[in-house]
Each structure stands twice: as structure tokens, then as C-alpha cells.
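Peer 1: 3D model of this:
(3 chains, ligands or ions: 2)
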Amino acid sequence: MTADPIAAGAPVLHAQDVTMVFGGLVALNKVSLTLEQGQVAGLIGPNGAGKTTFFNCLTGLYTPTSGRVLLNGARLAGDPAKVTIAGVARTFQNIRLFPNMTVLENVLVGRHSRMKQDPVSTLLRLPAFHRGERAAKERARELLAFVGLTRAEDEVARNLPYGDQRRLEIARALATDPSVLLLDEPTAGMNPQETEATRQLILRIRETGVSVVVIEHDIKFIFGLCDKVSVLVQGELLVEGTPEVVRADPRVIEAYLGKPPEEIEADARTAAEEHDKGEQA
Amino acid sequence: MTTLLQQIANGIALGATIGLIALGYTMVYGIIQLINFAHGEVFMVGAFGGLAVHRWLLPEAWQGDWYISLPLMIVGGVVVAVTIALIMERFAYRPLRNAPRLAPLITALGVSIVLQEAIRIWFPNAESAQAYPKAFIDAQVDLGPVSISASKLLIIVVSVALSVGLQLYVTKSRMGRAMRATAQDRDTARLMGVNPDRVIVLTFLIGAALAGVAGVLYGVDITNVDNAIGFQNGIFAFTAAVLGGIGSLRGAVIGAFIIGLIKTLGGQYMPGGTQYDYVWIFVVLIFVLVFRPQGLFGEAERVRA
Amino acid sequence: MTTTTATVRSRPRITLAPTLAKPLAAAGGVLAVIAALLPWTTFVLFDNDEVNPSLQYFDAPFALSGYRLHTMLLGLAVLVVAFVPRIPGRARAQRALGFGIAAIGLISLIFLSYNGGGVGTVTAADGDAAFGAVVALVAGVLVVLSAIAAGITDIPDFPTRLPRLAAYGALVLAFAAILFLVAETLTAGGRSGVSNPYAGPTFLAFLGMAGGVLGALSGVGVVRWISALSERHRAFSIIILVLCALSLPLTSAGNAYWMTVATTIGVYAATAIGLNVVVGLAGLLDLGYVAFMGVGAFVAANLSGAATSKLGIELPFPVAALIAAILAGIVGAIVGSPTLRVRGDYLAIVTLAFGEIFTRSAQNDIGGLTGGSNAIPRIPDVELGGTAFNEEIQVGGLELPGGVLYYFMIVLVVGAVMAVFANLKNSRAGRAWIAIREDEDAARAMGIRTGKAKIMAFLVGATLAGLAGAIFAHKLTIASFDSFKFLESVTLLAAVILGGMGTIPGAVLGASLLFVLPEKLREFDDYRLLLFGLALILIMRFRPQGLVPDRVRRAELAGETATGKSIDEEEALVVEQEHDGPTGKKGGTA
Ligand SMILES: Nc1ncnc2c1ncn2[C@@H]1O[C@H](COP(=O)(O)OP(=O)(O)OP(=O)(O)O)[C@@H](O)[C@H]1O
Ligand SMILES: [Mg+2]
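Peer 2: Ligands and ions are numbered 1, 2, ... in the order given. Okay, the predicted model is just below:
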């Protein structure tokens, strides 16, 4: 599957003036984002900027205080399950696999909304049941191969190395046949090789026609991967544009403590690492 | 009208008892997220502790003077309740501190059964209800149209005083601050130099002491106790804690008064009478949990993502 | 795991030189054999006692029976395991056998000295000496020590891809062995009561022996192998299991009394499997579950023409049972509906509240449908072609005891319930339940309508319980609120957890143990609940994953890794490494 040339360029996901207030804290203030078919968009910003909150608003985990989210022009319901069924899948910043299920089972859960099973054929194990199961497993294995986890199929998810858990989360999200994939810090805690592999993986995902939004602290990673980048600072959308534009924008430099881009990248990387350490502890 | 006021008075007295138990539930849950199912039983052994003091430790001559016997019975009840609570914390719950949530809950059910049965089997004659000494002024106090027994009045006064005291302790004292810190985030509290084990023990201790007091006062008021009073009042108290918003001291006490009122008023005015008073409490509980799961004064749960 | 490792105290461990393993095992095994041949009491314990004289001295070397026989067999087994070369998982097997021997010794020791009025009964008194129990206990301890000296290794794995016939053969043998064990367990010690003072301890000692043998089999990997085989050939296994169960009346347990006991166990097993859907799969704690069984029982009672029923309807049993199951399912869905908004412990309380409302209402004869404290008595027997189900029947030349038809019915029902559970567990719905149990938010993000799924779990569980309740009412011929109280809910929950959450054998085993123990241990009736409570505490402390853990659940509840090592063992490794000094790897594995 490659991107449909006609559809390319049409807006898939459109978030309009999303505002999220927690008590007195304005975590998001009128944030808008447009994602076009086949695009990879980056979302960066310091800790606590509201990036994850933005994903939560997109996927219905939070109900935004105001604003709306459109997928292919239709408004998304404020219910995570319905959002996923509509075609927006996500991963979580602090990995949320089903820890005691096997790798394959995790991906099969992702197939949930895309397979049918009626109670009668399930209970009586009629051929229809076996057909459905076989198809689901086939697709799940395909995805495991796609992210490179084939050999770990029968492992219990909690026993996977950290990097593999992140990849499994991606495979599980892809199993829902999304048109938009939201990745929350997919390379957190990874070494440079793994990070590069993840970059390749995201590019391959884009080739299948899925549009992607990536949150990352690793600015180099973002600039090397994304078609466009949005910078979120304290709940406000600061800048939006191509990597070149964003990299050169004085406000971004300002927001990152007035340092030149190379230092920003270095800082962001250490910040991200510390952040992850905190997360794991 | 008189009936109504009378039932309200009764409800408040019941609520005062339940409130003292509910405080223990809510504190323990606030700190280690455990529904300490056995806490009702702590109340029950407290009552029996007071009874034991009266039966076997008090010299005959003192038994008639309530101002001597009642304080000593309360001390006995508190000592027994606290001892039991600390033993169960140390040997039943602490080893499960990092276990999945189901495990301590089942353990708590186990402890509850063990305590009930231990009293039934080993407390002399406790297979049937035991008469409890009326170790207080045996009189009715008239408050306008309402007449309330002195012992009920005592419960209300003691309960309110202890709740206010506890609230002050938790908000003002150093240990109270440590408790609140541990409740919010045990790991951070540890980093700040708080010893969570000590805080947890203290929490069990305070909760048990309050339950012990409640047990003795309850016995004195009702004038008989059996090994089932813990289960029933424990469930009322737990309901009160949930109703008030578990983790909130103020909520537990207010919830308890509401529960007390529902029981007495429901028993008086609802169809089915006292046979179904119990049911109304549960109906209210279910409604509260469904429409305001965090209770009246609790914080909404945060979705983690 | 890095952070926990640092703070966990390493438990003091007994270490013994591996060279001691063989001598200890030899000593233990031989002592066990000797113990079997020694006298066990110094004087006659009970008047008119026919069993006891044989306890007092040893007269017939070839007529060993009961726990003496078991002690000897276990001792011989220890010698075999210790000295036959290349037994995999040897130490685990020895440890289990050792515990078995020790259990027999300890139980006898306690019982005999308690009833004899002191330790003189089991040591020396009035010039008589009787050290059998003591020697057995010592033998058991020695064997356990030898296992520790040898060092516990991982449970070995055997290949499970066998030719179909070989696999079937193994399964048939295994299930036949289970049938034999079940029959022996049921009848061990005989029917308990005043006339038979030894019933309780004999039964417990038998359990010790059976536990030892099963533990040994599990240690050498046989149990895991069989369960893997049966997982692979699930349909065949279920059929054979049902056939084996149907032949129970042909064994030593084939009389009306044991049929009733077995039927009751079956009813609770079916209910426990239903509860397992809710708790084990979907992870929703239900503290009022027995109410669904109660709904089933009362509905069936009212629809089957019980004398005091106000409805005066008399439907054939299958129809009544079906309606009972469906109504219970609907009630289940209603009780489960707060799960849409209520989570975790709070949900447990809501279910408890519903359970209490049910009991209270039933006790007060709500709508005249429950008979209140008079219950609904005289529910007619189920009939089939003119044969009432509690009658004795003749099939060909075979005389089958009374109540056998109820037993057959419950076996079929339990089989069906098992199939429902297994088929659901390995399906889209089952995976959704498990996903919800594991992480509800993530499950929603995978497109699972969690509310619907949770209500479905309640519905399925309650339907199964309602069906079981209908049978229960007919078998007992009475439906009383007294059978459906909080304690029964706790017991069912305990059955599920004791057996192992999320597994079928677990639920059945748990239900069997919890409902057969009180039956067998009548002389301890006064202590029954106390022991039950203690057991709950101890299980949660030492084996929270249950007796037959699910792969998944085992990992979560016991903190075991997939390789089967417990975290304890891994921590020990880490601790050792930390002690290795600068060359050792510091920290954990995370
Ligand atoms: N459920 C909630 N209730 C209250 N405040 C919240 C909630 N969720 C997020 N916040 C607050 O919103 C702000 C933004 O948090 P968010 O997690 O979106 O940041 P982020 O950009 O993802 O940061 P990081 O880089 O650390 O992941 C923070 O101040 C956080 O405390
Ligand atoms: Mg974030």
C-alpha cells in the first residue's frame, strides 16, 4: 500500500481551538492542528506544555473544555473506544500494554473493533469463528513482522525489553487499522540505534498511508523525521511550520531559554532522559 | 412531629457511633488504599474488651460507679482494639503491601471472619448475645419535645469531640502532616524523610482507638453485644466513608450522620418498616457511587495517561 | 524492578551442602518406612474402638492400610526419587513428598495427642512407647531438608507435540487417575460423624498424602505436561473428563450420600466458574455473587409447583431452569450496570450492597416469592420419563445409587459451563475482558466498549450462577435465603482464588475443597469458619496465585516471571550478585 496520490494533501485530522482547563490550570489554550493525508507531524515543547493532554483530548480520554476535533470532516465522539473505531489510534507516553497477555494477544486486542464474532459461533466453535480468528491472527502476525517482533510472539508483554514494548504498542495501535496514528514519545528511553530504527518504522508507517503525529523531546529526531512541526509552550501553540521554519524561529529559541539550536537539542535530550528516568522509577 | 424529631435524635446518635468507625475506614483507605474490611470487627472486639474489663478486672465495689468503671472500660476496649489492629497490620497486611489489590481485600475478609469466630468460640458464652453493663447515667434527657437517653447524648458528644480533635491533629501536627503527605504520594513522602511504615501503624492505631471507644459506648448504650455487631456497623461505617468521599475525615463523619438518619427515618417512614431500613442505606450507597463516585467530599479520580 | 530490589529484605534462607542431599533423603525415606511399622498411640483412645488397637501396636506387616500405608509408600517414593539417576526436577518432587510425610505425621500427632490428653499418647506412657507419628514428622522434615540441600531447580518441560494417539492415551490415563483420586478423596476416612472419630484426621492425612504425590508429579513436570496436552486437545479432554466424572458412581463413592455431596460440589463449581468470568477474566470483584444463584433458585422454586409457592405455576424443569438462568442473567446485568461509572474497590462495595439487599429482601419474603424465614420447601423432584431424580436406578445390570441422576445432570452442566468459559476466554470477548482487567484505559483506546463488555461479563456469570441455583433448589427440594448470604459469596470468591483465578481446574478444585472440607470435618464444625478465615489469610500471604495458577494470573499475583522463577528467587540472585563485590553486577534486571 502506498499513499493514494489523489487523497494526499487532503486534511485528515483537524483540531480546532482545543482548550482544556483543569481547575484553575489552563493546560491547553485554543490549540489547533491540521494533519494532511500521509503527513508526519511533530509536536514538541517543554515538560508540562500540554502535549499529552492534547493527545488525550484528540482521543476522547479527556473531554476538551471547548473546541472540536474533526476526522475526515466528521466530528469525533468524546469516547476513546469510538475514536479508535473511527480511525485514530495512539500509544502512551508511559507504556500501557496489557502486561500479562502475550505479544500476539496484545495485538489481537487491537483487532477487537475490526473483527466480528457472534456468540453462537464462538460458543459452538463454528467454522465462522475459526475463520475470523485465523484472519485476525494473520493480520496480527503481519504487524508483528512489520515492527520486527515476530520471534517474541509468545512472550508475555511485561517481560519484553523496553524498546520492544514501545514497538509492540505501535503494532497494537496499527492493528486497529487507523488512518491517524498518535505516538507519545515513541523513542523515550531508547539508545541511538533503536531511535533510528523507530524513525525508519514511522517512515514505513507513513508509506502505508497512515498519517502520524509524534510527540518527542528529541528535537533532532523530530526535525529529521517530520513534514511539519508544532511547538507547544504552556498550553499555547507557539509556532507551526516546516522543520526549517521552526528551527529558525526566534520565539522557539527564546522559549528554549535563548540558546542556539544545537544546545537546545542537547538540552532537550538530557531533559528527556531525566524525564524517562523519573518515569521508570 | 415528635416521632420525626425523636427519630432524628436516634439517627444522630447512631450516626455518631458509625462516624467513629468510619474515621478508621477512611484514614486507612486514604493512606494505603485498602478497604480494611476487618475494621468493623475491631469495633466489635473493642466492645468485648470493655466488657471483659467490667466482668473480670473491676472490683465489685467500683462496678456501680460509672465515672470509675466507664473510663476503665474504655481504656480496656481501646487497648484490645489497638492491639488487634496492630497485630493484623503487622502480620496480615504489611506483607502484602506490594501485592495486587485483590490480595489484601481478601485477607481483610479473612481477618474479619477470624475475629468474629475467635470471639464466638473463646469469649465465654459469646455464642449468644451478652448483656452489657449500663455503665453510665441511666436517665432520659428531655430536649424540648425529644427525649434522648444520657448514653446516646454521651456518644454524640464524644464522637463530635474526637472527630474535631482528629481533624485538628491531622491538619496541625507534624505527624498529621506526615500522614497527609503519605496519603498523597508514599514515595515522595519517603524521600522527604517520612517513614511510611510508622505513619501506617499510626493510622491503624488511631482508627482502632476510635473504634474501641465506639465499641464500649455502643455496648453501654444498647446494653447487649454479640459477635455480629462488627459486621453490620462496619458496613454502615464503610458506606458512610464512601458516601462522604473516602479519604476525607469530614466526609466520613457527615456521611455517618446521613447514614444514621436514613436508617432511623427509613425504618420509620418507608414501606416495610425496620425490616428494610438496612436496604435503604444500600440503595443510597449505590446511587451515590453511581452518580458521584468520589463521594460527597472526595476528589475525582484522575485518569492516568 | 531496580528500585524494589534495593529495599527488599532478603529472607533468611537455609543453606545446606549439596553433599548432604542423598544421605538426608536416605535417612528420611527409611525413617518414613520405619514410622509406618511403629505403634502410633500408647493406649486406646476411644471406648468401643475398633480401629485403635491397630494403632497401639503393630501386628500385621502385610495388612498395612490407611495413613500408615501412605507413609510407607511416600517413604519408598522418596528413596526411588532420590536414587534413580537422571530424574528431572528431583528436588521439587522430594520437597513435595517430604511435606506429604510431614503432614501425615503432624496431623496424626496433633489429633492423637489432643484426644489422648497429652503428648504421652504419641510418645511413651505407662510403659508403652508409640513414636510412629513423631518419627514420620522427623522423616518428612529430613526429606524436605534434603530437597533444600539438593537445590530447587526449574520445573522441566516435556514435549507436547505427540502423535495424537499417544496424547489421547496419556490424557485418558491422567483423567482416570484423577477420577480414582477424587473417589478416594471423597470417601477417605468414611462418612464423618459421631460414630467415626477418625474420619476427620484420616481425611486430612489423606489430603496430605495426595498433596505430596501431586506436588511431586508437578515437580517433575508431569502436571504441567498433562495440562499443556489437555490445552492442546481441549475438546477431547473435556469429553474424557466428563466421561470420567460420569463414572464416579461406579467407584467407592457410589452411594446416595456421596452422590449428594458430589452434586453439591458440582453446583458450587458451576457457580464458581461463572464467578471466574467476572473476577478472573474481567477483573471485577463481586462480593454479592451468590445472590444470582439465589435468584435462580427462587425462580425455579416458584415455577416448579412448590407447595407454598404463590404462583402455582408448574413448568417442566428444563423450562424453569432456563427461565431462572435468564432472569438471573438480567439481574446480573442490572447489578453490573454501575460498572459503567464505578471502578475497583467501589464496585466491590456496590456488589456487596446488591447482595445484602437481595438477602434482606428474601429474608422478608419480598412479594411473597421467597417464603421469608420459612423458605420455599417441598420443591418437586426433577423427573424424566417417570423416574424421579433422587431414586435409585438400574442401567442394564448396574445398580446406581439414589441421587445419581442429579449427579449426572450436574456433571453435564459443569461440563457445559466449562466449555462456555473456555470458549469465551479464547475469543474476542474473552480477550476484551482480560484487556479490561489489565488496563481499562488502554482497552478503551483499543476500541473496546468497556462498559458493554463489563456488563456482558456480569450477565454471563450471573446466568451460569442462576442455572446452578435452579439445580440446587431442586436437589435440596428447598430454597431458603439462608443459603445465599454474604458468607457464601466470600466462600465462592475464595474458591475461585484458592483454585487459581481465570482457570477452570482452579475453580473446580477450589469449590471442591471449600465445600467438601466442612462435610468431611464435622467434628471440627465449631472451628470451621475460624479455619476458613485463617486459610484465606494464609493463602493470600503464601500462594496468592492459587493452586492452579493461570499463566497470566500467576505472573501478576505472584510476581513470577515467565520462566517460572518467583521474584523471590530472582531477588536472591540479585542479592547474591550484589554481595559478589566489585566484579558482581550491581542492581536489578530492569
Ligand atoms: N487529569 C489532569 N488533571 C489535572 N491536571 C492535569 C491533568 N492532566 C494533565 N494535567 C496538567 O496539565 C499540564 C500538561 O500536562 P501534559 O502531561 O499534557 O504535559 P506534556 O507536555 O505531555 O509534558 P511531558 O513532556 O512531561 O510529557 C501539566 O501541568 C499537568 O499537571
Ligand atoms: Mg507528555
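
Peer 1: Residue A:187: what's it in contact with?
Peer 2: A:166, A:194-195, A:198-199, A:216, A:218, A:221 (Cβ atoms under 8 Å, 6 or more residues apart in numbering or on different chains). (C-beta placed from N, C-alpha, C; glycine too.)

Peer 1: Residue A:180 too?
Peer 2: Residue A:180 touches A:12-13, A:35, A:71, A:87-89, A:210-213, counting by Cβ under 8 Å, 6+ apart.

Peer 1: Do a quick rundown of the helices in the stretch 101-250 of chain A.
Peer 2: Taking DSSP state H, counting those that start in this stretch as the criterion, the stretch 101-250 of chain A carries its helices at A:103-110, A:119-124, A:127-147, A:162-174, A:192-207, A:219-225, A:243-248, A:250-255.

Peer 1: And those: which comes nearest residue B:215?
Peer 2: helix A:103-110 (49.3 Å; Cβ to Cβ).

Peer 1: Would you mind pulling up the elements that the closest one packs against?
Peer 2: Helix A:103-110 is packed against helix A:127-147, helix A:162-174, helix C:428-438, with contacts defined by 3 or more Cβ pairs under 8 Å, 6 or more residues apart in numbering or on different chains; DSSP states H and E.

Peer 1: could the helices of the stretch 101-250 of chain A be laid out in a markdown table, adding mean neighbour count, mean pLDDT and distance to ligand 1?
Peer 2: Supplementary listing: these in a markdown table, determined by neighbours: other Cβ atoms under 10 Å in any protein chain shown; pLDDT from 0 to 100; distance: least, Cβ to the nearest ligand atom, whole Å:
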| stretch | mean neighbour count | mean pLDDT | distance to ligand 1 |
| --- | --- | --- | --- |
| helix A:103-110 | 27 | 96 | 23 |
| helix A:119-124 | 15 | 91 | 37 |
| helix A:127-147 | 16 | 95 | 23 |
| helix A:162-174 | 23 | 95 | 15 |
| helix A:192-207 | 16 | 94 | 17 |
| helix A:219-225 | 21 | 90 | 13 |
| helix A:243-248 | 16 | 88 | 17 |
| helix A:250-255 | 15 | 78 | 13 |
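
Peer 1: out of the contacts of residue A:187, who's near chain C?
Peer 2: Applying Cβ under 8 Å from any Cβ of the partner chain to the contacts of residue A:187, one finds that nothing falls near chain C.

Peer 1: Same list, those, but as TSV with distance to residue C:110 please.
Peer 2: What follows is the contacts of residue A:187, written out as TSV (distance: Cβ to Cβ, whole Å):
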residue	distance to residue C:110
A:166	56
A:194	60
A:195	64
A:198	63
A:199	68
A:216	66
A:218	66
A:221	68
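
Peer 1: Tell me the spacing between the residue nearest to residue C:421 when sequence neighbours are not counted and chain B.
Peer 2: Of all residues beyond its chain neighbours, the one nearest residue C:421 is residue C:273 (5.2 Å), with distances taken as Cβ to Cβ, 6 or more residues apart in numbering or on different chains. Plainly put, residue C:273 is 18 Å away from chain B if you go by Cβ to the nearest Cβ, to the nearest Å.

Peer 1: contacting residues for residue C:273?
Peer 2: C:414, C:417-418, C:421, C:464, C:504, C:507-508.

Peer 1: Past the host helix or strand of it, which element shows up next along the chain?
Peer 2: Secondary-structure assignment from DSSP states H and E places residue C:273 in helix C:256-276. Per DSSP H and E, helix C:256-276 leads on to helix C:290-303 as the next helix or strand towards the C-terminus.

Peer 1: so that following helix versus helix C:256-276, what angle?
Peer 2: An angle of 120 degrees separates the directions of helix C:290-303 and helix C:256-276 when computed by axes from the mean of the first three to the mean of the last three Cα atoms, to 10 degrees.

Peer 1: near chain B, anything from helix C:290-303?
Peer 2: No - judged by Cβ under 8 Å from any Cβ, helix C:290-303 stays clear of chain B, getting no closer than 12.1 Å.

Peer 1: helices and strands around that helix, which ones?
Peer 2: Packing partners of helix C:290-303 (3+ Cβ pairs under 8 Å, 6+ apart): helix C:256-276, helix C:317-336, helix C:344-363, helix C:450-476, helix C:486-499.

Peer 1: would you list the ones you listed in a markdown table and tack on distance to ligand 2?
Peer 2: Formatted as a markdown table, the helices and strands packed on helix C:290-303 follow (distance: least, Cβ to the ion, whole Å):
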| stretch | distance to ligand 2 |
| --- | --- |
| helix C:256-276 | 38 |
| helix C:317-336 | 34 |
| helix C:344-363 | 25 |
| helix C:450-476 | 23 |
| helix C:486-499 | 37 |
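
Peer 1: Among those helices, which comes closest to residue C:304?
Peer 2: Short answer: helix C:317-336, nearest of the helices and strands packed on helix C:290-303 by Cβ to Cβ, at 5.0 Å.

Peer 1: now that closest one, how far from the centre of its chain.
Peer 2: 27 Å (Cα atoms, centre = their mean, to the nearest Å).

Peer 1: avg pLDDT for that helix?
Peer 2: What helix C:317-336 shows for mean pLDDT is 94.

Peer 1: what sits up against it?
Peer 2: If you take Cβ under 8 Å, 6+ apart as the criterion, helix C:317-336 is touched by C:284, C:288, C:291-293, C:295-297, C:299-300, C:303-304, C:315, C:350-351, C:354, C:382-383, C:454-455, C:457-467, C:469-471, C:474.

Peer 1: re earlier: and the two most separated of the contacts of residue C:273?
Peer 2: Top of the distance list for the contacts of residue C:273 (Cβ to Cβ): C:464 and C:508, 13.2 Å.

Peer 1: More neighbours: which of the two?
Peer 2: Neighbours of residue C:464 and residue C:508, each counted by other Cβ atoms under 10 Å in any protein chain shown, are more numerous for residue C:464; the result is 32 against 26.

Peer 1: so that one touches residue C:274, yeah?
Peer 2: Yes - under the criterion of Cβ atoms under 8 Å, residue C:464 lies in contact with residue C:274, with a separation of 3.2 Å.

Peer 1: so what sits against both of those two?
Peer 2: Shared between the contact lists of residue C:464 and residue C:274 (criterion: Cβ under 8 Å, 6+ apart) are residues residue C:417.

Peer 1: quick one: which of the contacts of residue A:187 is nearest residue C:497?
Peer 2: The nearest one, if we look at the contacts of residue A:187 relative to residue C:497 and count by Cβ to Cβ, is residue A:166, at 33.8 Å.

Peer 1: Look up how far ligand 1 lies from residue A:82.
Peer 2: The spacing between residue A:82 and ligand 1, counted by Cβ to the nearest ligand atom, to the nearest Å, is 20 Å.

Peer 1: Would you double-check that that residue falls in a helix?
Peer 2: Yes - membership of residue A:82 in a helix is supported by DSSP: H, G, I helix; E, B strand; the rest coil.

Peer 1: My guess is it contacts residue A:60. True?
Peer 2: Yes - using Cβ under 8 Å, residue A:82 is in contact with residue A:60, at 6.8 Å.
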